[in-house]
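Enquirer: let's see this in three dimensions:
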Amino acid sequence: MAISKQSAYRRFQGKYPVLWLDFSKIAWDSSEEDAKEFLITAVKQLYLDFEIPLPDDLSCKNLSYHVWSLIKKLYEQFAIRPVMIIDSYDRPAQIAYYGGFYHEICSVVEGLLSHCLKGNQYLSTAFLTGQARPGDQQVPTSFNNFNLYSMFDRKFQGIFGFSQEEVRVFFAAHDVKMSEETWQQLSLWYGGYYVRGKEYFNPHSVSCYLQELKQGNKGFKPFFTNKSPFLKQLSELIVMQLGQLLKDNKQVLSMKADLFSTYYPGSEEQESVMLNRLLFNQILTPVINTDEVNGYAIEVKLPNQEMTCFIKQLLVNHYHWSETCLSKIELIAFLKKFMAENSGEPIDQIFALNALIWKGKLIEASSIVEMLKAKQSNLMKSMHNLLVNQWH
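Expert: Numbers count the residues shown, from 1 in each chain. You can find the predicted model right below:
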């Protein structure tokens with residue numbers, strides 16, 4: 001890998017004992033018992049990795065103590081302070097929140113983070129990856145001496161994702177040759193992620209497509225999946241905004257990027273939080289000419305065809321969105337025109353449509369519009385047939 005050629009990487013490689021807790025593998029539909037068992041099993045694996053006997057009393061109640069104890073033992077064994085990595089550190093709390101057992105799991109994770117990281121004289125440093133800011137209400141912690149970084153930081157440009165040059169090298173290493181037209185299609189499907197004006201590709205999707213090519217399947221298809229319950233909590237305004245992006249791939253959304261904004265259970269109800277989480281999860285991406293991101297007003301869009309397929313499936317299957325759904329402005333314009341042209345029409349449906357528009361229930365309002373349009377169309381056909389019969 002290209003990162004292995006960097007001098008800083010080689011300087012640290014193999015120097016420290018590394019404790020790696022990977023919470024990204026815990027299933028989104030886990031029960032409280034499943035989540036607790038996952039955390040215990042993850043800590044057991046740390047002991048097995050270093051061939052240190054397992055504690056007899058390992059449980060969620062003393063999980064943080066036994067991780068702290070393992071860190072101390074490694075320091076004593078190797079005479080160097082170990083490094084700790086916790087991948088998707090906030091995922092157990094997210095799962096617990098959506099599953100209805102937030103406080104039971106959050107206390108375990110909070111204890112693990114606070115006891116093992118804050119003031120631990122036996123630990124060199126710790127790296128946490130996740131979506132929530134440490135210390136937010138989602139994952140409260142007592143430690144506060146940390147640095148925050150995102151994939152949009154200038155310091156880490158080129159670290160996240162594959163650049164076009166790296167994708168070409170990757171395919172060449174596997175003796176795969178493609179025409180320039182196919183390369184363009186590859187970019188349309190799996191590229192389109194922009195960091196400070198440079199395009200990056202989804203590594204997972206590129207790797208999956210390479211495997212498809214090796215099996216003789218040249219067609220492009222989506223590989224991206226995301227089963228986070230968050231995506232099923234989007235407000236109707238966000239759904240309609242994403243729908244506008246689907247209907248016109250040249251459309252963009254304007255937003256204030258605040259990647260480290262305070263997140264807490266229930267804050268999905270705020271549109272700004274939703275948009276930032278969509279940006280953070282690379283479901284949305286800055287437009288090509290965006291330089292600075294965090295803290296700035298930016299324009300974002302859907303990155304590629306793969307994400308377009310994913311979002312369309314989500315909106316249609318879960319939110320019952322369709323391409324006939326109208327924006328608030330379009331709905332108001334229709335209502336005014338309909339009332340002017342049909343003064344004697346059913347007032348109850350007009351009131352219902354007006355109420356839905358102002359409540360932000362735009363998908364339901366659009367369905368009423370379709371019904372009213374169908375009535376108008378049927379009425380026009382009836383009048384036409386009547387006139388034709390009278391003429392004859």
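Enquirer: nearest the middle, which residue of the chain would you pick?
Expert: Central residue of the chain (C-alpha atoms, centre = their mean): Asn281, 3.2 Å from the mean position.
Enquirer: my guess is it meets Phe224, correct?
Expert: No. Counting by C-beta atoms under 8 Å, Asn281 stays clear of Phe224, with 10.4 Å between them. Where you see a C-beta, it was placed from the backbone N, CA and C, and this is true even at glycine.
Enquirer: low-confidence stretches in the protein?
Expert: 1-6, 134-144, 157-158, 259-269, 343-346, 376-392 (pLDDT under 70).
Enquirer: need phi/psi at Trp358.
Expert: Main-chain torsions, Trp358, degrees, to the nearest 10: phi -80, psi -20.
Enquirer: again, but for Val83
Expert: phi -110, psi 140.
Enquirer: now do the contacts for it.
Expert: Contacts here follow C-beta atoms under 8 Å, 6 or more residues apart in numbering; on that basis Val83 touches Tyr16, Pro17, Val18, Leu19, Leu123, Ser124, Thr125, Ala126, Phe127.
Enquirer: same question, Val239
Expert: Counting by C-beta under 8 Å, 6+ apart, Val239 touches Leu315, Tyr319, Trp321, Ile363.
Enquirer: contacts only, for the spatially closest residue to the third one that is not a sequence neighbour.
Expert: In space, Trp321 comes closest to Leu315 once its chain neighbours are excluded; the distance is 3.8 Å by C-beta to C-beta, 6 or more residues apart in numbering. The contact partners of Leu315, by C-beta under 8 Å, 6+ apart, come to Val239, Leu242, Gly243, Leu246, Trp321.
Enquirer: what's the farthest-apart pair in those residues?
Expert: Farthest apart among the contacts of Leu315 by C-beta to C-beta are Val239 and Leu246. That separation is 10.4 Å.
Enquirer: ok, the residue nearest to the centre of the chain - contacts?
Expert: By C-beta under 8 Å, 6+ apart, Asn281 lies in contact with Gln131, Asn226, Ser228.
Enquirer: would you state the strands of the stretch 201-350 of the chain in chain order?
Expert: Taking DSSP state E, counting those that start in this stretch, the strands of the stretch 201-350 of the chain run over residues 253-256, 285-286, 297-301.
Enquirer: now for the second one, which elements pack on it?
Expert: Spelled out, it's strand 285-286. Counting contacts by 3 or more C-beta pairs under 8 Å, 6 or more residues apart in numbering; DSSP states H and E, strand 285-286 packs against strand 193-195, strand 297-301.
Enquirer: adjacent strands (with direction) for the first one?
Expert: Next to strand 193-195 in the sheet, as set by DSSP bridges, lie strand 198-201 (antiparallel).
Enquirer: contact partners of the strand it pairs with?
Expert: 157-158, 160-164, 167, 186-187, 190-194, 288.
Enquirer: now with 10 Å, please.
Expert: 151, 157-164, 166-167, 170, 186-187, 189-194, 209, 282, 285, 288, 303-304 (C-beta atoms under 10 Å, 6 or more residues apart in numbering).
Enquirer: same check, this time on stretch 335-351
Expert: Applying C-beta under 10 Å, 6+ apart, the contact partners of stretch 335-351 are 352-354, 357, 365, 368-369, 371-373, 375-376, 379.
Enquirer: again, only using 6 Å
Expert: Residues outside stretch 335-351 that contact it (C-beta atoms under 6 Å, 6 or more residues apart in numbering) are Leu353.
Enquirer: repeat for stretch 12-32
Expert: By C-beta under 6 Å, 6+ apart, stretch 12-32 touches 38, 42, 46, 74, 78, 82-88, 91-92, 95, 101, 104, 227.
Enquirer: which of the contacts of Leu315 fall in helices?
Expert: Using DSSP state H, Val239, Leu242, Gly243, Leu246 are the members of those that sit in helices.
Enquirer: if we can go back for a sec, closest to Glu330 out of the contacts of Leu315?
Expert: Using C-beta to C-beta, Gly243 comes nearest to Glu330 of those, at 11.6 Å.
Enquirer: can you count the residues close to that closest one?
Expert: 25 (other C-beta atoms under 10 Å).
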